[in-house]
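Asks: starting from these lines, generate the structure:
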Amino acid sequence: DLFAHTGVRWQTFTNGVSGAALQLVGNGAAATAQAARLDGKLTLGAARGPLAQMYQPFDRGAVPINLGNLGGIRFYARGNNPFELTLRCGDGEVGKELDTSEEWQLIELGADELIPISGSPQVVDWRWGAGGWNGNGCIGLYFSRRSAANIGEFWFEVDEITFYGADAWELRDDSPR
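Replies: Predicted coordinates:
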């Protein structure tokens with residue numbers, strides 16, 4: 001349900017060759033009424049490789065935010081293939097490929113589990129400042145399917161995304177909601 005009430009519109013992006021369709025579907029995770037679903041097909045032929053994604057800018061005016069105090073991200077997901085969560089920021093991208101099943105799974109990613117996609121070549125550790133990536137200038141959250149190894153049709157759904165500050169992440173309730 002959070003997808004329908006964020007105030008900033010979720011969007012899709014592809015490499016111009018692959019396809020992607022974003023919609024709200026019923027029967028979300030944790031008894032919510034709806035979840036976001038991305039259906040698509042990755043296709044070869046684009047210079048930068050296969051790519052299909054849904055993303056949400058953090059601010060309507062494209063004003064970057066600071067995620068330097070991010071402790072972690074918690075959300076529900078399901079799908080028929082792995083997909084990637086990415087945070088795109090001024091000093092690089094960090095993320096992680098996530099395995100899915102057709103049943104809802106609660107996914108919890110600590111900030112220290114996110115690895116550089118581009119930018120800093122070192123492992124991220126925002127809480128202690130090591131790794132050179134500092135969370136400045138973040139513009140959006142991306143859920144993507146990419147790579148020539150992943151050609152073909154796919155779908156995934158996500159619901160109830162929550163960002164935690166470092167202190168709240170350490171104190172969070174580990175039971176599913």
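
Asks: so what's the residue nearest in space to the middle of the chain bridging to?
Replies: In the chain, the residue lying closest to the centroid (Cα atoms, centre = their mean) is L85, at 3.1 Å. In this structure, L85 bridges to K96, F143 when assessed by DSSP bridges.

Asks: what sits against it?
Replies: If you count contacts by Cβ atoms under 8 Å, 6 or more residues apart in numbering, L85 has them with 73, 95-96, 98, 109, 114, 141-143. From N, CA and C alone the C-beta is placed, and that goes for glycine too.

Asks: for PyMOL, write a command that selects the buried ones of these.
Replies: Applying 16 or more other Cβ atoms under 10 Å to these, the buried members can be selected in PyMOL as follows:
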select buried, resi 73+95+98+109+114+141+142+143
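
Asks: pLDDT check: weakest of the contacts of L85?
Replies: The member of these with the lowest model confidence is L114, at 87 (criterion: pLDDT).

Asks: and the spatially closest residue to that residue that is not a sequence neighbour, how far from A148?
Replies: The spatial neighbour of L114 that comes closest, neighbours along the chain excluded (Cβ to Cβ, 6 or more residues apart in numbering), is V94 at 4.1 Å. Counting by Cβ to Cβ, to the nearest Å, the separation of V94 from A148 is 22 Å.

Asks: chain center to the helix or strand harbouring T12, what's the gap?
Replies: For T12, the enclosing helix or strand under DSSP states H and E is strand 11-14. Taking the mean of its C-alpha atoms, strand 11-14 sits 13 Å from the chain's own mean (Cα atoms, centre = their mean, to the nearest Å).

Asks: any chance you could list what contacts it?
Replies: Applying Cβ under 8 Å, 6+ apart, the set of residues contacting strand 11-14 from outside is 20-22, 38, 40, 51-57.

Asks: can you rerun that using 10 Å?
Replies: 19-22, 38, 40-43, 46, 50-57, 140, 142, 144-145 (Cβ atoms under 10 Å, 6 or more residues apart in numbering).

Asks: could I get that strand in CSV with only the CA atoms?
Replies: Taking C-alpha atoms only, strand 11-14 is exported to CSV below (Å, rounded to 0.1, in the frame of the first residue of the first chain):
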residue,chain,number,x,y,z
GLN,A,11,8.6,5.1,-12.9
THR,A,12,10.0,2.5,-15.3
PHE,A,13,13.2,2.6,-17.4
THR,A,14,14.6,0.3,-20.0
